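Peer 1: Any chance you could fold what I've pasted below:
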Amino acid sequence: MAFALSDERVLPGDAPVVRATRELRSVFPEFGSAEVDVILPGWAPGRSASRTAALDAYARHLSALPGARSVRTATGVYAHGERLPRPCAAAADCGVPARRYLSPAGGTWLAVRGPSEPFGPASVRLARAVRAADAPTTALVAGPPARLLDVRDAVASGLPTAIAIVVATTLVLLLMFTGGALFLAVKALVMNALSMTATFGAMVWIFQEGHLRSLLGPFTVTGQTDIMSPVTVFCLAFGLSLDYEVLLLARVTEEHRRTGRTTAAVAAGLASAAPLFTASATVVAAVLLSLAGSGITTIELIGGTVALSAAMDALVVRPLLVPAVMSLAGEANWWSLRRLVTRAPARKAATLPQQGPRSRSARLSAQPIRHWWPPPSAGNPADGCRVCGRCPSG
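Peer 2: Okay, here's the model as predicted:
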């Protein structure tokens with residue numbers, strides 16, 4: 001998946017701004033080039049020969065970077081590591097005064113012209129190389145490629161935390177819901193991950209590569225995907241997928257507690273829950289597919305992809321894959337740490353002697369024998385001990 005940021009191409013192809021931009025790029029090729037803007041705040045060459053030489057060396061270095069077509073600044077125009085003769089290197093640079101690149105506050109601007117695609121991989125690599133280059137002072141880098149680089153880094157830096165929160169929350173809720181069934185919780189995450197993989201694959205195949213345009217509308221194929229679209233699609237599709245999983249597990253768990261048989265519980269739970277999540281997926285898909293007629297590619301992508309994910313989840317993942325996995329797992333579905341903890345005291349208690357009500361003779365036989373002699377009651381001492389009958393004789 002190739003990431004980018006949205007531009008005018010997300011609009012319908014007959015929009016005025018799209019037609020104007022297409023004409024500009026055709027007639028004036030320089031207009032379509034990605035430009036990386038470098039600002040040296042509080043630093044200007046002035047009349048200092050050393051600063052002028054430093055700016056000249058910096059501009060030569062930037063113009064020699066891979067993907068750089070030219071560099072324009074106060075000291076001239078550069079290309080391929082060389083300073084071009086004045087007055088200009090191209091028609092776009094003719095007659096541009098040097099003070100245009102100098103700020104009254106003392107800053108200096110360098111315009112690095114890059115590849116034609118502003119959000120393409122070559123432009124992003126150029127922006128990263130410009131930031132890594134040694135500058136006379138602290139350099140600030142802007143422009144479309146640098147903006148995409150910053151957005152991508154911001155999303156990537158927060159992605160592990162977001163995934164960890166989603167996984168932890170899902171596991172805890174499912175463990176509480178299923179009575180600590182670890183296999184069911186992990187299985188739900190794996191099924192959701194499988195569903196998300198298919199969803200993103202469909203996103204790339206349909207919108208990034210341009211298939212099914214005749215069905216969804218004549219959107220502009222750029223070969224890239226807006227970086228915020230997968231984030232939005234993931235949140236919506238994962239939530240719907242987990243909702244259908246909870247509906248199915250609720251019915252299956254109730255049936256298993258009643259019968260104790262896994263296969264019968266899966267069949268009965270699916271028969272009870274399938275109408276619920278199928279009806280829900282139908283409503284969600286119908287609502288989201290209405291966004292496909294908006295004419296804006298980003299909205300079409302979100303609506304169409306989430307609708308496809310809901311339909312695939314309700315028609316393939318929940319009614320086919322989930323019951324098959326649970327039936328194959330058998331009693332392993334219900335294995336839990338709580339059961340493992342409670343089994344050890346139960347086995348230990350089973351080895352203890354039975355502690356229940358006993359008869360009077362059993363209680364007497366368990367007590368140590370006490371020989372009563374002489375008898376505590378009146379009687380003939382010759383009768384002997386009332387317990388053993390032998391005490392009189394010795």
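Peer 1: report the longest helix in the protein, please.
Peer 2: helix 144-177 (DSSP state H).
Peer 1: State the mean pLDDT of it.
Peer 2: For helix 144-177, the mean pLDDT works out to 90.
Peer 1: Could I get the buried residue list for that helix?
Peer 2: By neighbour count on 16 or more other CB atoms under 10 Å, the buried set for helix 144-177 is 144-146, 148-149, 151, 166, 170, 174-175, 177. Every C-beta, even on glycine, is put in place using the N, C-alpha and C of the backbone.
Peer 1: got it, and stretch 228-235?
Peer 2: In stretch 228-235, counting by 16+ other CB under 10 Å, buried: 229-230, 233-234.
Peer 1: do stretch 310-326 as well
Peer 2: 310-314, 317-319, 321-323, 325-326.
Peer 1: Could you export those as TSV, including pLDDT?
Peer 2: TSV is the format used below for the buried residues of stretch 310-326 (pLDDT from 0 to 100):
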residue	pLDDT
Ala310	92
Ala311	91
Met312	91
Asp313	90
Ala314	90
Val317	90
Arg318	89
Pro319	89
Leu321	91
Val322	91
Pro323	90
Val325	92
Met326	90
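Peer 1: where do the strands sit along the protein?
Peer 2: Here the chain has its strands, by DSSP state E, at 3-4, 35-40, 70-73, 76-79, 82-83, 108-113, 140-142, 225-226.
Peer 1: Which strands or helices does the fifth one pack on?
Peer 2: For strand 82-83, the elements it packs on are helix 49-63, judged by 3 or more CB pairs under 8 Å, 6 or more residues apart in numbering; DSSP states H and E.
Peer 1: And for the helix it packs on, what's in contact with it?
Peer 2: The contact list for helix 49-63 (CB atoms under 8 Å, 6 or more residues apart in numbering) reads 38, 43-45, 68, 70-71, 73-76, 78-83, 108, 110, 112, 130, 133-136.
Peer 1: List buried residues within those residues.
Peer 2: Buried members of the contacts of helix 49-63, scored by 16+ other CB under 10 Å, are 38, 43-45, 68, 70-71, 73-76, 78-79, 83, 108, 110, 112, 130, 133, 135-136.
Peer 1: before we move on, the earlier item: need the strands of the chain in TSV with distance to Ala54, can you?
Peer 2: Below are these laid out as TSV (distance: least, CB to CB, whole Å):
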stretch	distance to Ala54
strand 3-4	35
strand 35-40	10
strand 70-73	12
strand 76-79	14
strand 82-83	14
strand 108-113	10
strand 140-142	17
strand 225-226	39
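Peer 1: need the least confident one among the ones you listed, by mean pLDDT.
Peer 2: strand 3-4 (a mean of 84).
Peer 1: From the chain's centroid, how far away is that strand?
Peer 2: 17 Å (CA atoms, centre = their mean, to the nearest Å).
Peer 1: Parallel or antiparallel, which strands does that strand pair with?
Peer 2: Under the criterion DSSP bridges, strand 3-4 sits next to strand 225-226 (parallel) in its sheet.
Peer 1: check contacts around Ile163.
Peer 2: Ile163 neighbours (CB under 8 Å, 6+ apart): none.
Peer 1: Distance of it relative to Ser229?
Peer 2: As judged by CB to CB, to the nearest Å, Ile163 and Ser229 stand 18 Å apart.
Peer 1: One more: Ala15?
Peer 2: Here the criterion is CB to CB. By it, Ala15 lies 20 Å from Ser229.
Peer 1: Serialize the buried residues of stretch 310-326 to CSV and add fields for distance to Ala265.
Peer 2: Below are the buried residues of stretch 310-326 laid out as CSV (distance: CB to CB, whole Å):
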residue, distance to Ala265
Ala310, 25
Ala311, 26
Met312, 25
Asp313, 21
Ala314, 20
Val317, 19
Arg318, 15
Pro319, 15
Leu321, 17
Val322, 13
Pro323, 10
Val325, 14
Met326, 9
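Peer 1: quick one: which of those residues sit in helices?
Peer 2: In helices, judged by DSSP H, the following of the buried residues of stretch 310-326 are found: 310-312, 322-323, 325-326.
Peer 1: tell me which of these is nearest to Ala2?
Peer 2: Distance to Ala2 across those (CB to CB) is lowest for Met312, with 23.4 Å.
Peer 1: Can you tell me how far the residue nearest the centre of the chain is from Val246?
Peer 2: Taking CA atoms, centre = their mean, the centroid of the chain lies closest to Ile163, which sits 5.1 Å from it. Ile163 sits 20 Å away from Val246, taking CB to CB as the criterion.
Peer 1: same deal with Met312?
Peer 2: Met312 is 18 Å from Val246, by CB to CB.
Peer 1: Please list all residues in contact with Leu174.
Peer 2: So Leu174 contacts 181, 184-185, 188, 246, 249 (CB under 8 Å, 6+ apart).
Peer 1: And for Arg100, the neighbour number?
Peer 2: Arg100 has 11 neighbours, counted by other CB atoms under 10 Å.
Peer 1: And the pLDDT for it?
Peer 2: According to the prediction, Arg100 has pLDDT 84.
Peer 1: what's the answer for Pro87, then?
Peer 2: Note on Pro87: pLDDT of 52.
Peer 1: where in this protein is pLDDT low?
Peer 2: 29-33, 86-97, 337-394 (pLDDT under 70).
Peer 1: Run through the helices of it in chain order.
Peer 2: Under DSSP H, the chain gives helices at 16-27, 49-63, 121-132, 144-177, 182-203, 213-216, 228-259, 262-289, 297-312, 322-329, 337-350, 360-366.
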